[in-house]
Each structure stands twice: as C-alpha cells, then as structure tokens.
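# just a sequence and a predicted model for now, questions to come.
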There are 2 protein chains.
Amino acid sequence: MLITSLENERIKNYIKLKDRKYRKKTNTYIVEGLHLVLEAYKSGNLIELILEKDEVLPIDVPTVYVTNEIINKISNLDTPVNILGLCKMSDSNEIKGTKILMLDEVQDPGNLGTIIRSSVAFGVDTIVLGNNTVDLYNPKVIRATQGMLFYINIINKDLKETIKELKSLEIPVYGTKVEYGEDVRNFPSKDKKSYGLVVGNEGNGVSSEVLDLCDKYIYIDMDEKVESLNVSVATSIILYELNR
Amino acid sequence: MLITSLENERIKNYIKLKDRKYRKKTNTYIVEGLHLVLEAYKSGNLIELILEKDEVLPIDVPTVYVTNEIINKISNLDTPVNILGLCKMSDSNEIKGTKILMLDEVQDPGNLGTIIRSSVAFGVDTIVLGNNTVDLYNPKVIRATQGMLFYINIINKDLKETIKELKSLEIPVYGTKVEYGEDVRNFPSKDKKSYGLVVGNEGNGVSSEVLDLCDKYIYIDMDEKVESLNVSVATSIILYELNR
C-alpha cells in the first residue's frame, strides 16, 4: 500500500503518536531506524512497517509505503530515517524474576534509556517505573535504549506498593544514597542473588519516604570533590557490581 | 553596574558566547546557575558575575546587574536562571599525572559532561579530547559536568601523538573494544597504577588506527543480547574498576 497524502487517516494517526496521551490510548508507538525496527520485529512487537517508497525490507509484517514528506511528519528526529515501525506496548504489569530495579522519578529520557540498556546487560529481570518517572515510550527514551526495551520486563507501579510486594517475597530492598550505607564493593554474594534496588531523581535522589522502606543503603566510593554521579552511571555501576 | 540595554557592547559580547568560534577567540564562556557559578569561583575560573538586578551573591568578583530580558538572551536554558558567570578557559595543553583518559570523537555533549564527572570521581589526572570530539565549552557539556570540569586537567590533542607521548613515559595504553581483549574485572593491580585509556565514538567505537597503537584491549562482561553500553556508562565502569 502506498500512501501519499498527509490527510490520510492512517497517516494522521501515526503523527498523533507524538503525543503521549494518544500513545497510551492506542497502546502503540513509533520506532525509527533499521536497528530498532529489526529489534522490534525479532521480539514480536512490530505491528506495521512504514517505509519510504523506494525502500526495501523483506520481513513478514504489514507494510505501508509513504512519501519522504510523510516520513518527516511522523518522525521525531532532526534528520529522519526512511524506515519506521509501529509497535505495540507491552501489557505486562507484574513483577517477574528476583532482580528488580525501581526508578523513583527519573526525569531525563536519555538516562532512562541508558538505564534500560545497562539493566539488560547486567541481568535485571524487571524494571519498575515509579510515579512521575519519564514515559517509557518517549521517543528519546526508545532511542537511548538501543532496542533493549524489548528484552526486559518493564512495568509502571507505585514504589511503596512494589517494596511491600518484594518484602512479602523476601527480596531485600536496597536504596542508593550518596552518604552512609554500605560500599557496593563490599556487598557479599548472598546479598546479590535477589534484590530490589531503588535509584532516584537526577536532582534529589530517592525520596525519603521510599528510603525509609529500604533494608540497606548502597553507595559508590569516589573522590570527595564529587557530590554525585550521573544517575544512569551510578545505576549501571551498582548493577554491574550486583551482577559480579 | 546595572545594564538594561540589549545594545550595550558588553551584553552583545555575552550573547555572542553562544557561538563556539567566539568562545575560542575570547577564551571565555558562560556558566549558568548558582552551583556552577560557585564551583567556577572556588576554582578561580570566574571572571565576572552576571546577576539579575534583584539578586544577591556576596562573592568578590566584578559584578554586572542586568534585566530579566537580558538574562534570557544570554542564557542557553529553556528556563533561564538568574545567576550567570563569565569564566576563562583553561590554558593547559600538557598531559599531567599518570592516569590519562583519551576520547576519540565522542559526539554527545551529555556523554562528555558525564564522563568528566566520573573521571573526577575515579581519579583520572588528565582527559585528552581527540580531534572531532565535542567542544568542552558547549553549554550542554558544562551543565552535565556539574562543575567537575574545574577540578581536572582537560586538553585538546591528537590521540596518536598523545599515545606516542604516553609510550615514551612508559604508561601502558588500553583500548576499549566490545569483543576480545581482557575482562576489566581481571586487570591486575600493577596495570592500574598508571594508564592511558581510550574510549570511542557513540556509534563506531575507537577508530582502528588508534586501536592499532594500544598495548591491550579492555571489555566489560555483559549479557550477550547487548551489543554495547552507552559510552559514558562504559567509560565510568572501566574507570571505577581501574580505581579499585
């Protein structure tokens, strides 16, 4: 099917997916570029392939061909690519596994995407996005994940409820704090087998009400001139250590 | 001194500092917000303080008071702050110390800023920005450093020349590579005392001509589904391990 008009209903709907509310309503979102489209396809999340009209990608998914002008309107990139995909959102809302990462109001899309990528690298089973955390399907988040969002269970859930649930499963919960707590290098192996790790907002860290529910606090030893690390870096180093 | 006109020469020059060439010509740049201004002051890099007219900051630096309209024109932020500073660039062009980080065409300002922050945290002495690496004084870089750029020696230098110099000083040079090489967890202590570490471009990694000059290659062990980590995360984990 070749579509050339910006007035086409299907095209109008693709463009509306720039809006978070419309993404939520339809449970769909757009990914851009060959790499992300192939990752979405391999993981069974690709519903439609959207190609610029001379482009070829022989995968078995309903394909819509469009003009360059239309691609530019759908795209969120400054320099649009010629391969896009329509994906369905994950419908998971359950904690799976025993290595759980909880994000408390992480705001920056690049940070969330990078954290997802590192979480897959270092064996996290479920990522829980607490209230007021940036939208998983924000285009900048998706790009920063490099497609890794398709390989991990990610759910939205209140962190206080999540921690209650983890406690009922006898999974210990660790909060990150710049001061006090235990140096992550000294964590014994037995405390790494299952965990709930909470990391916090870029400016404020983990909120005090969530910290109050944690069993232990973790910090990363570093030069005293540095108040804190970037949250995606700190999270990645701790996950790397817990996976050690 | 209170300035209220956008036509004032000093104000025009502040605004021109958004342009990299003008920054280079004058060897100055703007920092924004109380935290960065204070870090610049403490480290002796603050030349002038620029305050919105009702603002007070009692530090001993020539101070220019301006209107909100002027602040908005000088600022690089979507939501400008009311405290800015004019800083002088570092005039260092020499490698100092024995723990050297080299960046080969890192492009993203947030990544460079985050790497600088982690470098101070984990004991790097000098950061060498190779050709085609993003400008250190890009406003987004400065913000992402959280002021840590004032606490570390950062120079611009060709990486092939840098590696030659390190070899003449008997400092071993490690390249980062996703495949092969040595797991950073297994690095012996003797190989951590002094080092030159090269990390590469977001998409392409370290260029092959630079890799050819390295003594050893380092990688981070991770789940095979993940092709690579974000460059600021990978760099930070390796620096964390080399500082262990």
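That came in fine, so what should we check first?

# so what's A:Lys157 closest to, chain neighbours aside?
A:Val128 (5.2 Å; C-beta to C-beta, 6 or more residues apart in numbering or on different chains). C-beta: built from backbone N, CA, C; applies to glycine.

# for the one you found, give me its contacts.
A:Ile95, A:Ile100, A:Leu101, A:Met102, A:Leu103, A:Ile155, A:Asn156, A:Lys157, A:Leu159, A:Thr162 (C-beta atoms under 8 Å, 6 or more residues apart in numbering or on different chains).

# so it is in which element?
strand A:126-129 (DSSP states H and E).

# A:Ile116 now?
Secondary structure assignment for A:Ile116, by DSSP H and E: helix A:109-121.

# now the angle from that helix to helix B:109-121?
70 degrees (axes from the mean of the first three to the mean of the last three C-alpha atoms, to 10 degrees).

# at contact distance from chain B, anything in helix A:109-121?
Yes - using C-beta under 8 Å from any C-beta of the partner chain, helix A:109-121 reaches chain B at A:Gly110, A:Thr114, A:Arg117, A:Ser118, A:Val120, A:Ala121.

# quick one: buried residues of that helix?
A:109-121 (16 or more other C-beta atoms under 10 Å in any protein chain shown).

# switch those residues over to TSV; also include pLDDT.
TSV is the format used below for the buried residues of helix A:109-121 (pLDDT from 0 to 100):
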residue	pLDDT
A:Pro109	97
A:Gly110	96
A:Asn111	97
A:Leu112	98
A:Gly113	98
A:Thr114	98
A:Ile115	98
A:Ile116	98
A:Arg117	98
A:Ser118	98
A:Ser119	98
A:Val120	98
A:Ala121	98
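
# what strand or helix carries A:Thr79?
Judged by DSSP H and E, A:Thr79 forms part of no helix or strand.

# picking up where we left off before, how about the helix holding A:Ile116 as PDB, C-alpha atoms only?
What follows is helix A:109-121 as a C-alpha-only set of coordinates in PDB (Å, rounded to 0.1, in the frame of the first residue of the first chain):
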ATOM      1  CA  PRO A 109      14.800  10.400  28.700                       C
ATOM      2  CA  GLY A 110      18.400   9.700  27.900                       C
ATOM      3  CA  ASN A 111      19.000   8.500  31.500                       C
ATOM      4  CA  LEU A 112      16.000   6.100  31.400                       C
ATOM      5  CA  GLY A 113      17.100   4.700  28.000                       C
ATOM      6  CA  THR A 114      20.600   4.200  29.200                       C
ATOM      7  CA  ILE A 115      19.500   2.500  32.400                       C
ATOM      8  CA  ILE A 116      17.300   0.100  30.400                       C
ATOM      9  CA  ARG A 117      20.300  -0.800  28.200                       C
ATOM     10  CA  SER A 118      22.500  -1.400  31.300                       C
ATOM     11  CA  SER A 119      19.800  -3.400  33.000                       C
ATOM     12  CA  VAL A 120      19.700  -5.900  30.200                       C
ATOM     13  CA  ALA A 121      23.500  -6.000  30.200                       C
END
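
# which parts of chain A sit against chain B?
For chain A, the residues in contact with chain B (C-beta under 8 Å from any C-beta) are A:110, A:114, A:117-118, A:120-123, A:144, A:146, A:148, A:151, A:185, A:220, A:222-223, A:225-230, A:232-233, A:236-237, A:240, A:244.

# of the residues you listed, which belong to helices?
A:Gly110, A:Thr114, A:Arg117, A:Ser118, A:Val120, A:Ala121, A:Ala144, A:Ser232, A:Val233, A:Ser236, A:Ile237, A:Tyr240 (DSSP state H).

# residues touching the residue lying closest to the fifth one once chain neighbours are set aside, list them.
I take that to be A:Val120. Nearest residue to A:Val120 in three dimensions, chain neighbours excluded: A:Met148, at 4.4 Å (C-beta to C-beta, 6+ apart). Residues near A:Met148 by C-beta under 8 Å, 6+ apart: A:Glu39, A:Ile116, A:Arg117, A:Ser119, A:Val120, A:Ala121, B:Lys225, B:Val226.

# how far away is the first one from A:Ile127?
Same thing as A:Glu39. With distances taken as C-beta to C-beta, to the nearest Å, A:Glu39 is found 17 Å from A:Ile127.

# what of the second one?
Relative to A:Ile127, A:Ile116 is positioned 7 Å away (C-beta to C-beta).

# mutual contacts of those two, please.
Contacts common to A:Ile116 and A:Ile127, judged by C-beta under 8 Å, 6+ apart, are A:Ile152, A:Ile154.

# counting by contacts, list what the helix or strand in which A:Leu51 is found packs against.
Using DSSP H and E, the element containing A:Leu51 is strand A:46-52. Other elements packing on strand A:46-52 under the criterion 3 or more C-beta pairs under 8 Å, 6 or more residues apart in numbering or on different chains; DSSP states H and E are helix A:34-42, strand A:63-66, helix A:68-74, strand A:83-88.

# buried deepest among those, which one?
strand A:83-88 (a mean of 24; mean count of other C-beta atoms under 10 Å in any protein chain shown).

# got the domain boundaries for chain A?
Split into domains by automatic domain parsing, chain A comes to A:2-88, A:99-242.

# which one of these is the most hemmed in?
For those, the highest mean count by mean count of other C-beta under 10 Å goes to domain A:99-242, at a mean of 19.

# look up how far A:Leu36 lies from the closest residue to A:Asn76 other than its chain neighbours.
Closest residue in space to A:Asn76, ignoring its immediate chain neighbours: A:Pro139 at 3.9 Å, by C-beta to C-beta, 6+ apart. Between A:Pro139 and A:Leu36 the computed distance is 10 Å (C-beta to C-beta).
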